[in-house]
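Enquirer: Got a predicted structure plus its sequence, pasted below:
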Amino acid sequence: MISSALPQLLRPRALRPGDLVVIASLSGPLHADYEPDLEQAVVVLERMGFRVRRAPLLEAGRHRWWSAATPAEIAREFNGLLRDPEVRAIIAHDGGQTVLGYLDLIDVEAITADPKPILGYSDISLLHLVLYAQTGLVGFHTDLATSGLGGHWQAAPAARRAELERLYATLLTSTEPIGALPAGPSWECWRAGRTEGRLIGGVINRIVLAQATPYALPLEWFDGAVLFWEELGGQASYVWSYLQILRHAGILDRIAGMVVGIPTAIDGLDSPDASPTLREIVLDVLGDRDIPVLGNVEVGHAGPNLPMPVGTRVALDAQQRSLSLLEPAVRPHAMTGPVG
């Protein structure tokens with residue numbers, strides 16, 4: 001059973017130049033058409049100064065239903081990476097629909113013994129939330145390898161790509177806080193205010209699903225937190241329903257601020273038939289809860305993604321359209337054990 005007391009934050013050791021980063025199939029398969037994107041992701045990680053290896057299940061054409069392999073096979077490979085002292089970080093090749101199948105098969109003791117950055121978003125949101133709940137591990141909610149580093153990043157202007165590379169390298173190697181994230185022109189103040197709190201979030205449907213498992217975050221952990229979320233696909237009414245679930249669960253009464261990602265391929269937003277905007281949906285469910293809300297931030301499927309280290313403290317000023325990381329996501333080499 002997960003304690004209601006806030007955990008001591010478990011930060012991985014800072015990466016060094018030449019450290020090994022493994023790209024793994026933690027959920028969906030690799031389709032042959034995306035092999036060039038994966039190869040480009042390797043180039044990006046190498047340019048950041050890391051050695052890169054592909055895990056064995058990351059093989060074009062390998063699949064089982066909608067997954068790279070069975071949940072047990074994925075968990076076996078994942079656990080092997082967690083136990084391997086040479087592996088210093090794991091980045092998911094893509095999202096998908098598989099993480100729910102192996103939440104109970106993860107070697108949590110290996111994570112506690114040697115915490116490593118696990119990078120990704122979408123279905124990987126579940127890993128961040130559940131492992132934070134079980135161990136206090138910082139969750140690296142970042143772009144995926146194939147669709148992100150090798151996809152969205154390559155379509156971005158050169159200056160933006162360079163900015164993201166510096167930002168991700170700093171996230172993984174620096175024991176100093178990053179500070180203000182680079183604000184984009186899409187950022188909007190949906191409700192003014194300023195707050196500081198722990199970052200908790202991911203894809204909103206995965207947040208709701210995580211709370212339905214035995215690995216749910218205790219409600220007390222949402223006290224004073226900054227909830228960030230985004231969504232891909234489905235209906236606008238689904239988003240409204242997910243927010244209503246968070247309201248019924250008492251989560252919206254506990255958080256101190258909200259960051260909302262750019263919506264992607266959601267039917268029923270901003271259409272000609274007077275359907276609502278995402279801002280209207282959010283404010284409708286929040287009601288008179290007077291918390292700052294920053295909208296249309298690059299934290300999801302719209303990509304490229306800004307890093308959102310789950311469990312660390314941030315400062316949010318919605319009116320100034322500012323979001324700052326107040327703590328590092330990694331710890332110095334000289335220190336051992338969990339670090340708060």
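Expert: Arrived safely, thanks for sending. Numbering: from 1, shown residues only.

Enquirer: Please spell out which residues along the strand or helix carrying residue 240 are buried.
Expert: Per DSSP states H and E, residue 240 falls inside helix 236-248. Of the residues in helix 236-248, 236, 238-240, 242-243, 245-246 count as buried by neighbour count, 16 or more other C-beta atoms under 10 Å. All C-beta atoms are positioned from the backbone trio N, CA, C, and that covers glycine.

Enquirer: Can I get the residues you listed in JSON lines including pLDDT and distance to residue 308?
Expert: Below are those laid out as JSON lines (pLDDT from 0 to 100; distance: C-beta to C-beta, whole Å):
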{"residue": "236", "pLDDT": "95", "distance to residue 308": "23"}
{"residue": "238", "pLDDT": "97", "distance to residue 308": "22"}
{"residue": "239", "pLDDT": "98", "distance to residue 308": "19"}
{"residue": "240", "pLDDT": "98", "distance to residue 308": "23"}
{"residue": "242", "pLDDT": "98", "distance to residue 308": "18"}
{"residue": "243", "pLDDT": "98", "distance to residue 308": "19"}
{"residue": "245", "pLDDT": "98", "distance to residue 308": "21"}
{"residue": "246", "pLDDT": "98", "distance to residue 308": "18"}
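
Enquirer: ok, back up a step: so how far is the helix holding residue 240 off the chain centroid?
Expert: 20 Å (C-alpha atoms, centre = their mean, to the nearest Å).

Enquirer: likewise stretch 116-133?
Expert: Counting by C-alpha atoms, centre = their mean, stretch 116-133 comes out at 6 Å from the chain centroid.

Enquirer: So which elements touch the helix holding residue 240?
Expert: Applying 3 or more C-beta pairs under 8 Å, 6 or more residues apart in numbering; DSSP states H and E, one finds that helix 236-248 contacts helix 204-210, helix 278-286.

Enquirer: What count of nearby residues applies to the residue lying closest to residue 267 once chain neighbours are set aside?
Expert: Counting by C-beta to C-beta, 6 or more residues apart in numbering, residue 235 is the residue found nearest to residue 267 once chain neighbours are left out, at 5.1 Å. Neighbourhood size, residue 235 [other C-beta atoms under 10 Å]: 13.

Enquirer: from what I can see residue 213 touches residue 99, true?
Expert: No - applying C-beta atoms under 8 Å as the test, residue 213 and residue 99 come out as separate, 10.7 Å apart.

Enquirer: returning to what we had before: name the stretch among the helices and strands packed on helix 236-248 that sits most buried.
Expert: Per residue and on average, the most neighbours among the helices and strands packed on helix 236-248 fall to helix 204-210, with a mean of 22 (mean count of other C-beta atoms under 10 Å).

Enquirer: That helix: how far from the chain's middle?
Expert: Taking mean C-alpha positions (C-alpha atoms, centre = their mean), helix 204-210 and its chain are 12 Å apart.

Enquirer: Helix or strand next in line after it, which one?
Expert: Following helix 204-210 in sequence, per DSSP H and E, is strand 226-230.

Enquirer: How far off centre is that next one?
Expert: The answer for strand 226-230 is 10 Å, by C-alpha atoms, centre = their mean.
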